[in-house]
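A.B. asks: 3D, please:
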Amino acid sequence: MTVIGWIQIILYCAIVVALVKPLGAYMTHVFNGERTFLSPVLRPVEVVLYKIGGVQETREQHWLSYTVAMLLFHVGGFLILYALLRLQAFLPFNPAEQSAVAEDLSFNTSVSFLTNTNWQNYGGESTLSYLVQMLGLTHQNFLSAATGIVLAVALIRGFARHSVQTVGNFWVDITRCTLYILLPICVVLALFYVWQGMPQTLGPYVDATTLEGAKQTIAVGPVASQIAIKMLGTNGGGFFNANAAHPFENPTALANFVQMVTIFAIGAALTNVFGRMVGNQRQGWAILGVMGVLFIAGVVVCYWAEAHGNDAFTALGLTGGNMEGKEVRFGIVASSLFAVITTAASCGAVNAMHDSFTALGGMIPLINIQLGEIIVGGVGAGMYGMLLFVIISIFVAGLMVGRTPEYVGKKIEAKEVKMAMLAILILPLMYLGWTAVAVVIPVAVAATNNPGPHGFSEILYAYTSQTGNNGSAFAGLSGNILFYNLTGAVAMLVGRFWMIIPAMAIAGSLAAKKSIPPSMGTFPTTGGLFIGLVVGVIVIIGGLTFFPALALGPIVEHLAMIAGTLFSASN
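C.D. replies: Numbers count the residues shown, from 1 in each chain. Predicted coordinates:
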């Protein structure tokens, strides 16, 4: 651990915090339908899009209609992406002549990108054409990110409004989010990345001759445009197999730093959107404080573990920390910080291989995902995930003082608490349940590249990452087999939508309630006590969520044995 390393961490945190207020103000104006500096250019485009889609801009939706519209939108996205993958060989912009993607891998990839998971059981440069990368993956990166943001805004409206039955209009929200927020920022980022050295071309792969006289094919393509939304939308799906460790996907230290900032920018700014919409910006800063405490704790532990290195190597005189699986141009601090950022957010990008981290260093990314990725989290998803924990925390506080819990002028009652717990508890059931099944099926165990406990960690991390819609991996698991493609897709779907639907039900319930003024018995939710309470509840629930799945151990084991027998017989 070095002074320069700590300066880099402090500088990163300072820049993210500095962006919270201006970006939060801009996003609030966008979602309130107010005029922004981009309105003269983009407003006519917005109006035309509404006319083409038959959308009535002023007509809002009940939470159920809002949710159904979102689900239908995703069904359409799935069908488009699946068709592109299966028909890839017959479509243009395929200079490497990539063949059609297999049925099970196409299914897994389509689910992965529409759920904002971006888990990849393939190498991008050796599997996908330029058209699929652009029209399929980059397109879904925009729309899945926008979906997460607008769902968070809908939940925020539930807290901010009173005595109404609507939470906004999904079609209007997603249009504004894409048009006014994601696209303009990504245009600037893509140009910056091209300047830094990322390819942005439709030309064919380049054939080169090495110094030894060998022939080498260098993959290129429309990279910069995909990386811009990959990071800003906390998607994580890489153009190349090596992801952000690839020099064309992350060419310089400056590009690496900017990518880290963009991963947190929107998620952190949504806390300010929350504060502005509920009429008290201190509420948003308190939520950001909770995120900050958990994030800093993770960075400190991960950085220390990687800088400390392996004691077995130290005994041999090999000092300097753990550089296994890391790019020399980034070093330990940038690799550790990147790993914590991408798993605190729901972004599967990696600039170092998590599989090569130390035991403690690799545990932090795993824990970040298992907490529900609410430490900033995916764009939007982290915010509504955090608000679910806030509801539980306020409920706990109400139990301690014997009062009906209140938060930003709304009574938190049984319905909201039940919906919040339903959303939170499904996550460990998915990743622990599927892990239990995978470790007793021979073909699933054979796909691990390491035996014993580390192989188990690879499987657990894979299902945790997919359920949490993260997409990063320990990279020691060969996931492109029928079993992992299908079960992983199920984990991604449940992890995304089983949390969204209860969150939207909460939004509708809160919006219909009357707003009540604070009283002497109202628990203060803008200070250190509140931050400490929420942090404590998150840490405790993060541990206790293991027990419901463990209680199902005999059932899971029995079902796993049956599944193993059937799967073996089918082979």
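
A.B. asks: correct me if wrong: Tyr205 contacts Ala96.
C.D. replies: Yes: contact criterion CB atoms under 8 Å: Tyr205 and Ala96 qualify, at 5.7 Å. (Glycine included, C-beta is placed from N, CA and C.)

A.B. asks: between these two, which contacts overlap?
C.D. replies: Residues touching both Tyr205 and Ala96 by CB atoms under 8 Å, 6 or more residues apart in numbering: 125, 219.

A.B. asks: return the helix or strand in the protein with minimum mean pLDDT.
C.D. replies: The weakest-scoring helix or strand in the chain, judged by mean pLDDT, DSSP states H and E, is helix 546-551 (a mean of 46).

A.B. asks: for the protein, which segments are assigned as strands?
C.D. replies: Under the criterion DSSP state E, strands of the chain are mapped to 206-209, 215-218, 406-407, 410-411.

A.B. asks: so of those, which one's packed in deepest?
C.D. replies: Highest mean neighbour count among these (mean count of other CB atoms under 10 Å): strand 406-407, with a mean of 22.

A.B. asks: now do that one: which elements does it pack against?
C.D. replies: Counting contacts by 3 or more CB pairs under 8 Å, 6 or more residues apart in numbering; DSSP states H and E, strand 406-407 packs against helix 381-401.

A.B. asks: need the per-residue pLDDT for the residue located most distally from the centre of the chain.
C.D. replies: Most distant from the centre of the chain: Gly213, at 43.1 Å, with distances by CA atoms, centre = their mean. As predicted, Gly213 sits at a pLDDT of 86.

A.B. asks: do you know how far it is from Ile541?
C.D. replies: Per CB to CB, to the nearest Å, Gly213 is found 60 Å from Ile541.

A.B. asks: over to Met134?
C.D. replies: Met134 sits 40 Å away from Ile541, taking CB to CB as the criterion.

A.B. asks: same question for Met492.
C.D. replies: Distance of Met492 to Ile541, given as CB to CB: 22 Å.

A.B. asks: neighbour-wise, which of those two wins?
C.D. replies: Neighbours were counted for Met492 and for Ile541 using other CB atoms under 10 Å; Met492 has more, 29 against 19.

A.B. asks: that one contacts Ser465, correct?
C.D. replies: No: with contact defined as CB under 8 Å, Met492 does not count as touching Ser465 (9.4 Å).

A.B. asks: could you measure from Thr464 over to Gly452?
C.D. replies: Distance of Thr464 to Gly452, computed by CB to CB: 19 Å.

A.B. asks: ok, these two, which is more surrounded?
C.D. replies: Taking neighbours as other CB under 10 Å, Thr464 and Gly452 compare with Thr464 leading, 29 against 8.

A.B. asks: for stretch 378-388, buried residues please.
C.D. replies: Across stretch 378-388, burial judged by 16 or more other CB atoms under 10 Å covers 378-388.

A.B. asks: which one of those residues sits closest to Cys186?
C.D. replies: Closest approach to Cys186 among those (CB to CB): Val379, at 12.5 Å.

A.B. asks: the closest one: what's it in contact with?
C.D. replies: By CB under 8 Å, 6+ apart, Val379 lies in contact with 145, 148-149, 152, 232-234, 266-267, 270, 346.

A.B. asks: excluding covalently adjacent residues, which one is nearest to it?
C.D. replies: In this structure, Val379 finds its nearest non-sequential neighbour in Ile266, 4.6 Å apart by CB to CB, 6 or more residues apart in numbering.

A.B. asks: remind me which residues of the protein are low pLDDT?
C.D. replies: For the chain, the stretches flagged by pLDDT under 70 are 543-571.

A.B. asks: how close does the residue positioned nearest the centre of the chain get to Gly148?
C.D. replies: With distances taken as CA atoms, centre = their mean, the chain has Ser346 as the residue nearest its mean C-alpha position (1.9 Å). Ser346 sits 8 Å away from Gly148, going by CB to CB.

A.B. asks: list residues touching both of the two?
C.D. replies: Common neighbours of Ser346 and Gly148 (CB under 8 Å, 6+ apart) are 116, 378-379, 381.

A.B. asks: farthest-separated two in those residues?
C.D. replies: Maximum pairwise distance in the shared contacts of Ser346 and Gly148, criterion CB to CB, is 8.1 Å, between Asn116 and Val379.

A.B. asks: find residues that contact each of those two.
C.D. replies: Contacts common to Asn116 and Val379, judged by CB under 8 Å, 6+ apart, are 145, 148, 233-234, 346.

A.B. asks: that older thread, how about the backbone phi and psi for the residue farthest from the centre of the chain?
C.D. replies: The phi/psi pair for Gly213 (degrees, to the nearest 10) reads phi 90, psi 0.

A.B. asks: any idea how far Asn141 is from it?
C.D. replies: 40 Å.

A.B. asks: distance between stretch 534-541 and the chain's centre?
C.D. replies: Centre-to-centre, stretch 534-541 and its host chain are 20 Å apart (CA atoms, centre = their mean, to the nearest Å).

A.B. asks: number of nearby residues for Ser519?
C.D. replies: As a burial measure, Ser519 scores 8 neighbours (other CB under 10 Å).

A.B. asks: my bad, Arg59
C.D. replies: Count around Arg59 with other CB under 10 Å applied: 10.

A.B. asks: residue contacts, it?
C.D. replies: Contact analysis of Arg59 by CB under 8 Å, 6+ apart lists Asn169.

A.B. asks: for it, give me the backbone phi and psi.
C.D. replies: phi -90, psi 120.

A.B. asks: hang on, the earlier thing: rebuild the shared contacts of Ser346 and Gly148 as CSV, extending it with distance to Val68.
C.D. replies: Shown next, in CSV, are the shared contacts of Ser346 and Gly148 (distance: CB to CB, whole Å):
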residue, distance to Val68
Asn116, 19
Gly378, 22
Val379, 22
Ala381, 19
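
A.B. asks: between the residues you listed, which is nearest Gly372?
C.D. replies: Taking the shared contacts of Ser346 and Gly148 together and measuring to Gly372 by CB to CB, the closest member is Ala381, at 9.1 Å.

A.B. asks: wait, what's in contact with that closest one?
C.D. replies: Neighbouring residues of Ala381 by CB under 8 Å, 6+ apart: 116, 148, 151-152, 346, 373, 469, 499.

A.B. asks: roughly how far does it sit from Glu327?
C.D. replies: Applying CB to CB, the value for Ala381 to Glu327 is 28 Å.

A.B. asks: all helices of the stretch 151-300 of the chain, in order?
C.D. replies: 170-176, 183-196, 223-232, 253-277, 281-308 (DSSP state H, counting those that start in this stretch).

A.B. asks: picking that back up, from the contacts of Ala381, which is closest to Leu360?
C.D. replies: Glu373 (19.9 Å).

A.B. asks: what's the nearest residue to the closest one if we skip its chain neighbours?
C.D. replies: In this structure, Glu373 finds its nearest non-sequential neighbour in Ser346, 4.6 Å apart by CB to CB, 6+ apart.

A.B. asks: ok, the one you found to Thr166 distance?
C.D. replies: From Ser346 over to Thr166 the distance is 28 Å, taken as CB to CB.

A.B. asks: equivalent analysis for Phe240, please.
C.D. replies: In terms of CB to CB, Phe240 sits 44 Å off from Thr166.

A.B. asks: check Ala14 too.
C.D. replies: Ala14 sits 39 Å away from Thr166 when distances are taken as CB to CB.

A.B. asks: tally up the residues packed near Tyr431, please.
C.D. replies: Residues contacting Tyr431 under the criterion other CB under 10 Å number 25.

A.B. asks: Ile459 is in contact with that one, correct?
C.D. replies: No: proximity of Tyr431 to Ile459 does not meet the contact threshold set by CB under 8 Å, at 9.7 Å.

A.B. asks: give the contact list for the closest residue to His308 other than its chain neighbours.
C.D. replies: In space, and not counting its chain neighbours, His308 is closest to Gly321: 6.8 Å by CB to CB, 6+ apart. The neighbourhood of Gly321, defined by CB under 8 Å, 6+ apart, consists of 306-309, 332.
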